[in-house]
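Enquirer: sequence? don't have it. structure:
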């Protein structure tokens, strides 16, 4: 496939196989179109040629996930740091990709014209610049989240994608996770398993970590760093913590989960208030701890959502998104061990959903579930219950412990792989993107305004138009 | 001080009483363990028996080296054997033979639990085996038997 070939079509989302057949004789006349229409396995139309901009931490994660997807051909890697660049180049060559390494993305885009798609995994402040350049060069773009560290940057990306007629996928990978999709489509929307949802909460609690360092011999000269926009090596390595380059933990960690609030509810918030500060780390700029409260107006009524990102403790149960309805509560996490479905006693019978294979009965003793018997023992309900000692009853107003149910769908691939697969499937076959630029933009607005609310120390309201480009 | 004949009569009575206790305990234990296999949620039926036993056989096979045909065959007879042997011991029907049979049943159950490394269960069954062995040592003092071993 070639960028030129797809951009020459009236509908750029249309899969090239179909289009190639329609174009008939034109295919034979054009060398790159002929290559594009060749059968799969001969470097043909199903093969997508890719360039990667940014071979750092996230670039490597995406690279390793993409290497498991068939019919992808990495042709170019780009990073201003030779340490990262060499890593990417060596890894790809080891897996048989004929790849050329570049220091400057502009050079990559002009010297490697046969790229179909570009993956952008650079620091947030460069997402707009790199994505817009790649889109203008006629490439489809998969850009890491958060879409941009500024709302204007994010908006420009959506506009450029539209103008270029190219696909733009934003890396909120939970949207392509089969467990998240199962929960959203089957449990929440089709079966309304939670009943009326009133509250959400989400968190990412992480212990303190040391700043990222670098091997001395790989230090980038300050003049070169300055030329690429970085103040020094410390800021270059720890860009996530500085205002110029990123949005801080609420954007690095919170964006994933706040995006899921929007996605699961199918709407954007109407207000946000937040508190936070650079309380612990002395050599960082961004807020290390942030707590935010959103209001989401839904057709069923107002939903209140609390989100916290704490980078100074890993206590409190790691990271999850919690959806609380009157009939049940769902604790979702990318990590299946944190995922549970809690049934309220007043909920209707769930047996039919078990028979349909949508949920699994309580199977462990964790958090209120019935203790499991040995597999050879008789299945039975307790014949009598021993009353708890009175002293152990904390409060008579406490509701009985909820039964904990399981969700039978788990992802058996690298967590970013389905999201990348969706992107490549969109290029090949016109599959709808699970997180288009438009949706990524709405999430970026939702997230970035938290920092604004922290600084303003007051409640901020959103108008629906703010989420639309 | 009692004379020798009085002493041996007294020992005989105590042994008979000791045997009776063992007989009652083992008989009841076996009988109720057998009946319990037909029960689920307070209901009793043959259908429930086969469901319970199928679960037991599958459970043991899934957690051990034993093939399903072996565990299923054993499970098929287990409940009936416990009831028959339990009643026999309780009522004194060929008590010696019944005790030997019941002892072997405890050992076979222990073997199943050893295979799935259920050590607590093995320990409980070990207690039954010990009581069963003691009962066999005292069986000559058996009284109140409906069907004597000698007849």
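Expert: That came in fine, so what should we check first? What you are looking at is a predicted structure, and each value in this text was computed from that prediction instead of being measured.
Enquirer: By proximity to chain B, which residue of the stretch 351-469 of chain A wins?
Expert: Residue nearest to chain B within the stretch 351-469 of chain A: residue A:376 (2.9 Å; Cβ to the nearest Cβ). C-betas here are computed from N, CA, C, even on glycine.
Enquirer: ok, that residue touching residue B:64?
Expert: No - in this structure, residue A:376 is not within contact of residue B:64 by Cβ atoms under 8 Å, at 9.2 Å.
Enquirer: ok, now which ones touch the residue of the stretch 351-469 of chain A closest to chain B?
Expert: Residue A:376 sits next to B:55, B:56, B:57, B:58, B:59, B:60, B:63, B:116 when contact means Cβ atoms under 8 Å, 6 or more residues apart in numbering or on different chains.
Enquirer: Give the residues shared as contacts by residue A:376 and residue B:64.
Expert: Common neighbours of residue A:376 and residue B:64 (Cβ under 8 Å, 6+ apart) are residue B:116.
Enquirer: Could you point out the helix or strand that follows the least confident helix or strand in chain A by mean pLDDT?
Expert: Sorted by mean pLDDT, DSSP states H and E, the helices and strands of chain A end with helix A:31-37, the least confident at a mean of 34. Next along the chain after helix A:31-37, taking DSSP states H and E as the criterion, comes strand A:48-53.
Enquirer: That following strand: which residues count as buried?
Expert: For strand A:48-53, the neighbour count (16 or more other Cβ atoms under 10 Å in any protein chain shown) marks A:48, A:49, A:50, A:51, A:52, A:53 as buried.
Enquirer: Make TSV from these and add distance to residue B:95 and pLDDT to it.
Expert: Below are the buried residues of strand A:48-53 laid out as TSV (distance: Cβ to Cβ, whole Å; pLDDT from 0 to 100):
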residue	distance to residue B:95	pLDDT
A:48	83	97
A:49	87	97
A:50	84	98
A:51	88	98
A:52	84	98
A:53	88	98
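Enquirer: Pop out the phi and psi values for residue 79.
Expert: As the question left the chain open, I've gone with chain A. Backbone torsions for residue A:79, taken as degrees, to the nearest 10, come to phi -160, psi 140.
Enquirer: wait, it sits on residue A:58?
Expert: No - judged on Cβ under 8 Å, residue A:79 makes no contact with residue A:58 at a distance of 11.7 Å.
Enquirer: List the contacts of stretch B:126-146.
Expert: With Cβ under 8 Å, 6+ apart as the criterion, stretch B:126-146 contacts B:12, B:15-16, B:18-20, B:22-23, B:25-26, B:29, B:91-93, B:95-96, B:99-100, B:102-103, B:106-107, B:110, B:148-149.
Enquirer: List only buried entries from those.
Expert: Using 16+ other Cβ under 10 Å as the burial test, the contacts of stretch B:126-146 include B:16, B:19-20, B:22-23, B:25-26, B:29, B:92-93, B:95-96, B:99, B:102-103, B:106, B:110, B:149 as buried.
Enquirer: Of those, which belong to helices?
Expert: Per DSSP state H, helices hold the following members of these: B:16, B:19-20, B:22-23, B:25-26, B:29, B:95-96, B:99, B:102-103, B:106, B:110.
Enquirer: re the thing from before, distance to chain A, secondary structure and pLDDT for the contacts of residue A:376 - can I get that in TSV?
Expert: Shown next, in TSV, are the contacts of residue A:376 (distance: Cβ to the nearest Cβ, whole Å; DSSP: H, G, I helix; E, B strand; the rest coil; pLDDT from 0 to 100):
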residue	distance to chain A	secondary structure	pLDDT
B:55	7	helix	90
B:56	5	helix	93
B:57	8	helix	94
B:58	7	helix	91
B:59	3	helix	90
B:60	5	helix	93
B:63	6	coil	90
B:116	7	coil	93
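Enquirer: Run a quick neighbour tally on the residue nearest to the residue of the stretch 351-469 of chain A closest to chain B when sequence neighbours are not counted.
Expert: Leaving aside its chain neighbours, residue A:376 sits nearest to residue B:59 (2.9 Å; criterion: Cβ to Cβ, 6 or more residues apart in numbering or on different chains). Neighbourhood size, residue B:59 [other Cβ atoms under 10 Å in any protein chain shown]: 20.
Enquirer: Look up how far residue B:121 lies from residue B:59.
Expert: Per Cβ to Cβ, to the nearest Å, residue B:59 is found 12 Å from residue B:121.
Enquirer: pLDDT below threshold where in chain B?
Expert: Chain B contains residues with pLDDT under 70 at B:1-10, B:151.
Enquirer: any idea which element residue 134 lies in?
Expert: In the absence of a named chain, this looks at chain A. helix A:124-136.
Enquirer: Sorry, I should have been clearer: chain B.
Expert: Here residue B:134 is assigned to helix B:119-138, by DSSP H and E.
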